[in-house]
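# Have a look at this prediction, sequence included:
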Amino acid sequence: MPEGHTIYRLALDLTRDFADQSLKVSSPQGRFTSVDVLDGQTLKRAHAIGKHLFIEFETVEKNAQPAITCVHIHLGLFGKFKKMPKEREPSSSVRLRLDSEDSCWQLTGPTACALINADEFKALQERLGADPLSAAPRSPRAWAKVHASKRSMGALLLDQSIFAGIGNVYRAEILFLLGIHPEMPGNALAKPLFEKLWKLSRTLLLRGVEANRIVTVDGATGRTRKNGTLHAYKQRYCRVCTVPIVKTTNAMRTMYHCPTCQPDRQTKRA
DNA sequence: ATGTCATGATAAC
DNA sequence: TTATCCTGACATA
């Protein structure tokens, strides 16, 4: 499930496998047209902001100083970026393939995969809000936006210009764990509870990076399919109070909440 | 075998 | 608010 944890983990894994190595870079699908610029160049690092992945290459052209060339990738709903056995032949749907001596990664189905210049990177950086994975444990700007908004907490958590990296699964889980009704307006959230929310987002995302999947239930390993790893998202019954989970729509996305554990649409204190 | 929905985001109305 | 893009898993027939 590509929410922020997936992208952060990808950045770590790509950096681990490829940093400071010259790579064979190709687009078997042919839709990443500027891929030639990167072939044979050195990958310096990969990093993430929210659900956006950036891979930086040091590119050297003839008679020119080395420059940094940045690839911007967004998986969207369907994208996958996975490590493959090196001997695997790329299928015709592979948008981007990276090969080192030892490792091979393939990208399929992304919403975005393109070179961007420094200005375009800057614009993205400014468009995105703070990422709980990379930013300080508190985010004054996110608080200011939430505090000033009468939009629902469900909508605000999905807003990438406020919480970069939170997706539909994490929003359901975070609101459940804090007992916040998804329709509660942002301006009704007391500051201490916002601080808790930010810290919890960071904790859960970090756990997601480690497990490489979303785990919000304490003690759930996520290894077996039977022991659920989630509290509310796509769950039938609340595992705390056993009441049926309610399915609604919030900000045009499916929302799940427990009517007993998240009863209160009014002002909430921590 | 066919249809529906999904972790996301954008453009256009 | 809707249509649209990309792909795969699951449900229904």
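Right, received. Where do you want to start? Numbers count the residues shown, from 1 in each chain, chains lettered A, B, ... in the order given.
# who touches A:Thr42 in this structure?
A:20-23, A:57-58 (C-beta atoms under 8 Å, 6 or more residues apart in numbering). Using the backbone N, CA and C atoms, a C-beta is placed for each residue, glycine as well.
# With pLDDT, secondary structure and distance to DNA strand B added, can I get the residues you listed in TSV?
Output for those, formatted as TSV (pLDDT from 0 to 100; DSSP: H, G, I helix; E, B strand; the rest coil; distance: C-beta to the nearest atom of the strand, whole Å):
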residue	pLDDT	secondary structure	distance to DNA strand B
A:Asp20	98	coil	29
A:Gln21	98	strand	29
A:Ser22	98	strand	31
A:Leu23	97	coil	26
A:Phe57	97	strand	23
A:Glu58	97	strand	28
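# buried sites along stretch A:194-207?
Judged by neighbour count using 16 or more other C-beta atoms under 10 Å, the buried positions of stretch A:194-207 are A:194, A:196-198, A:200-202, A:204-205, A:207.
# top of the contacts of A:Thr42 by neighbour count?
Using other C-beta atoms under 10 Å as the neighbour test, these are led by A:Phe57, with 25 neighbours.
# Get me the contact residues on chain A for DNA strand B.
Contacts of chain A with DNA strand B, taken as C-beta under 7 Å from any atom of the strand, map to A:1-3, A:50-51, A:74, A:76-78, A:111, A:158, A:160, A:167-169, A:253-254.
# Just the buried residues of the residues you listed.
By 16+ other C-beta under 10 Å, the residues of chain A next to DNA strand B give A:2-3, A:50-51, A:74, A:158, A:160, A:167-169 as buried.
# out of these, who's nearest DNA strand B?
A:Gly167 (2.0 Å; C-beta to the nearest atom of the strand).
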